[in-house]
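Undergrad: quick one, structure for this:
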Amino acid sequence: MITVRQILDGKGHATCSVTRDSMVYDALKLMADKEIGALLVLEGGRLVGVISERDYARKVILKGKSSLDTPVKEIMTQDFVWVRPEQTVEECMGLVTEKRIRHLPVLVDDQVVGIISIGDLVKAVIDEKDFTIKQLESYITGSR
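TA: Below you'll find the predicted structure:
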């Protein structure tokens with residue numbers, strides 16, 4: 001079974017973040033520049049929330065607010081779900097499905113060590129299945 005650690009080792013541990021007092025506009029600009037759908041919200045190196053494109057759509061646009069005047073703390077998700085590096089892809093897929101979320105911060109002893117997305121999880125599942133198929137084809141044809 002593939003673990004979160006293996007995904008992070010493959011894609012990297014880099015994360016992008018903002019603070020609670022950052023303006024939503026600046027968070028959106030960073031997401032657009034980095035071509036990502038969510039940012040971690042850190043205060044003093046501690047994870048205090050997650051802000052996503054979904055938060056923006058539901059809590060700014062649909063409420064008639066301005067991203068230039070709205071701080072991240074007003075729309076960030078504070079009761080976020082997180083995972084540990086040793087958790088499996090299957091466990092994470094269960095979480096994103098059950099909680100209807102797309103991003104999972106990865107923590108070790110309250111320290112952020114990365115973030116994975118539903119796209120990362122799907123890729124890992126597909127890669128694992130492709131490997132299994134190749135192994136079975138090799139076994140069936142007798143080639144090594």
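Undergrad: what's the one helix or strand in the chain whose mean pLDDT sits lowest packed up against?
TA: Sorting the helices and strands of the chain by mean pLDDT, DSSP states H and E puts helix 118-141 at the bottom, at a mean of 89. Applying 3 or more Cβ pairs under 8 Å, 6 or more residues apart in numbering; DSSP states H and E, we find helix 118-141 packed against helix 4-11, helix 89-99. The C-beta positions use only the backbone N, C-alpha and C, and glycine is treated the same way.
Undergrad: deepest of those, which one?
TA: Neighbour counts (mean count of other Cβ atoms under 10 Å) averaged over each of the helices and strands packed on helix 118-141 peak at helix 4-11, with a mean of 17.
Undergrad: I'd like the next helix or strand past it.
TA: Next helix or strand after helix 4-11 toward the C-terminus (DSSP states H and E): strand 17-18.
Undergrad: thinking again about what came up before, for the helices and strands packed on helix 118-141, give me TSV that also has distance to M76.
TA: Converted to TSV, the helices and strands packed on helix 118-141 look like this (distance: least, Cβ to Cβ, whole Å):
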stretch	distance to M76
helix 4-11	22
helix 89-99	16
